[in-house]
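# following is a predicted model, sequence given first.
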Amino acid sequence: MTHKTNGLFYDGQSSASQKIELFFDTDKKVLFFENRNGERQNWILIDTIVNINGQILNFQHGDNPVQSINIEEKDFVSYLILFRKNSGHINWYQKLIGMGFKAHVVLATLILGIVGLSYIYAIPWVAEKSVVLIPKEYDDDLGSMFFKQNMIFNNIDIHKTNALNQFAKELKLNNTKKLKFTVVNSSVVNAFALPDGNIVVFSGILDSMNSYDELVGLLGHEVAHVNNRHSMKMLCRNLSGYIFVSAILGDVNGIMAVVGDNVNTLQSLSFSREFERQSDLEGFEILSTNKINPYGMLNLFKRLQEEEQDISMPEFLSSHPVTIERIKFIKKLIQTRPFYFTDNPKLKTLFKEIKQ
Ligand SMILES: [Zn+2]
């Protein structure tokens, strides 16, 4: 069947229009007409781009030059729209054009959303996973780098450091690498673990403790951060913008260079909720293995949380966040996991020495 209508043809070379009689062969799906020179033109429907602007239907054809036809006759316009819909000859691009401005806004928002989400989630995720590319020996290099560059180690308390190392020796810490403990004299209420297994405890957090089981809770938590390479993972995550491409390309040297440049952030690294939970759980298991009262861990966190209300937030809470949630989690562990504890006089004595 052939439909006929009137239209204006633009040859793409001159801005003047040509009045034409346009035919549409519904079987062959071809538009044909004669131009002003009497030459017959055949446009296959699926090779044309169809735009609908209000009442005007516009066909575009070819690319050098782009030729076009405008049609205003309502019946033909609605017939053609229906025909294209039913024949399924609309590709996604043409569908989109047909949907108009709103669809473009939706699509643009969608694309921006995907880009935004990948920036927030995918890139840090890839960066965090890139930690498997970094050789484990580099954890040790990074720890020594931090140790050399950091002024805090000018204030090591040798007596307390010795006592803390002896205290730790009494415990099964499920450690995957050799651990070293350092006490730094400072009123800062904090402790942190370096990737090389050096666990640094400030005298400020020791001062806030009442019993040795609290200290075991803290050490257990920090050891879990070391065992799971959390600080290296967090560094990679925080620097994901810089190391993403290196991570994708597997460029280990590039990743290590960026991580090394940021070694000083290890002390104030704020861990994710997921890492804190994992360390609290594994810390709890360490308490359990050593027959230590798990309420020690709970009491320490509760007290730090209370201190937060009085003065400025202790550093431990800002670098190991989500405390209310963590307190609830430990309470739940105490309620649901079996544990057995005994008094440990040796730890008690060493704890006294550490507190002196
Ligand atoms: Zn932590």
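Noted; the coordinates are in hand. In this text, all values refer to a predicted model and were calculated from it rather than measured experimentally.
# isn't Asn238 right up against Ser268?
No. Counting by CB atoms under 8 Å, Asn238 does not reach Ser268; the two are 10.8 Å apart. Where C-beta positions appear, they are placed from N, C-alpha and C, glycine not excepted.
# of all the residues in the protein, which one is nearest the ion?
His320 (3.4 Å; CB to the ion).
# what about stretch 7-16, how long is it end to end?
13 Å (CA to CA, to the nearest Å).
# cool, stretch 112-127 as well?
21 Å.
# chain center to that stretch, what's the gap?
6 Å (CA atoms, centre = their mean, to the nearest Å).
# which stretches of the stretch 101-250 of the chain form strands?
180-184, 191-193, 198-202 (DSSP state E, counting those that start in this stretch).
# dump the ones you listed into TSV; add mean neighbour count and mean pLDDT as well.
Output for the strands of the stretch 101-250 of the chain, formatted as TSV (neighbours: other CB atoms under 10 Å; pLDDT from 0 to 100):
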stretch	mean neighbour count	mean pLDDT
strand 180-184	21	96
strand 191-193	24	92
strand 198-202	24	95
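# adding distance to the ion, write those out as CSV.
Shown next, in CSV, are the strands of the stretch 101-250 of the chain (distance: least, CB to the ion, whole Å):
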stretch, distance to the ion
strand 180-184, 16
strand 191-193, 8
strand 198-202, 11
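# could those go into CSV alongside distance to Asp261?
Below are the strands of the stretch 101-250 of the chain laid out as CSV (distance: least, CB to CB, whole Å):
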stretch, distance to Asp261
strand 180-184, 24
strand 191-193, 19
strand 198-202, 20
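# pLDDT score for Tyr138?
Tyr138 carries a pLDDT value of 91.
# re the thing from before, enumerate every residue touching the residue of the chain closest to the ion.
221, 270-271, 276, 279 (CB atoms under 8 Å, 6 or more residues apart in numbering).
# go with 10 Å
By CB atoms under 10 Å, 6 or more residues apart in numbering, the residues touching His320 are 190-192, 218, 221-222, 225, 269-271, 275-276, 279-280, 301, 304, 314, 326.
# all helices of the stretch 201-350 of the chain, in order?
203-207, 212-227, 230-238, 240-249, 252-261, 273-289, 295-310, 315-319, 323-336, 345-355 (DSSP state H, counting those that start in this stretch).
# return the set of buried residues in whatever helix or strand Leu22 lives in.
Element membership for Leu22 (DSSP states H and E) is strand 18-25. By neighbour count on 16 or more other CB atoms under 10 Å, the buried set for strand 18-25 is 18, 20, 22, 24.
# quick one: contacts of that strand?
Residues contacting strand 18-25 (CB under 10 Å, 6+ apart): 1-11, 30-37, 41-43, 45, 59, 69, 71, 73, 76, 79-80, 83.
# for stretch 343-356, same thing?
So stretch 343-356 is contacted by 157, 159-171, 181, 183, 201, 203, 206-207, 209-216, 290-293 (CB under 10 Å, 6+ apart).
# related to what we said a few turns ago, partner strands of the strand holding Leu22, parallel or antiparallel?
When pairing is defined by DSSP bridges, strand 18-25 lines up against strand 2-10 (antiparallel), strand 30-34 (antiparallel).
# and the last one, what's its mean pLDDT?
Pointing back at strand 30-34 there. Mean predicted confidence for strand 30-34 is 93.
# that older thread, who's more crowded, Asn238 and Ser268?
Asn238 (18 against 11; other CB atoms under 10 Å).
# pretty sure the more buried one contacts Ala127?
Yes. Applying CB atoms under 10 Å, one finds Asn238 in contact with Ala127, separated by 8.5 Å.
# residues contacting the residue nearest the centre of the chain?
In the chain, the centroid-proximal residue (CA atoms, centre = their mean) is Tyr121; its distance is 3.0 Å. Not one residue lies near Tyr121 by CB under 10 Å, 6+ apart.
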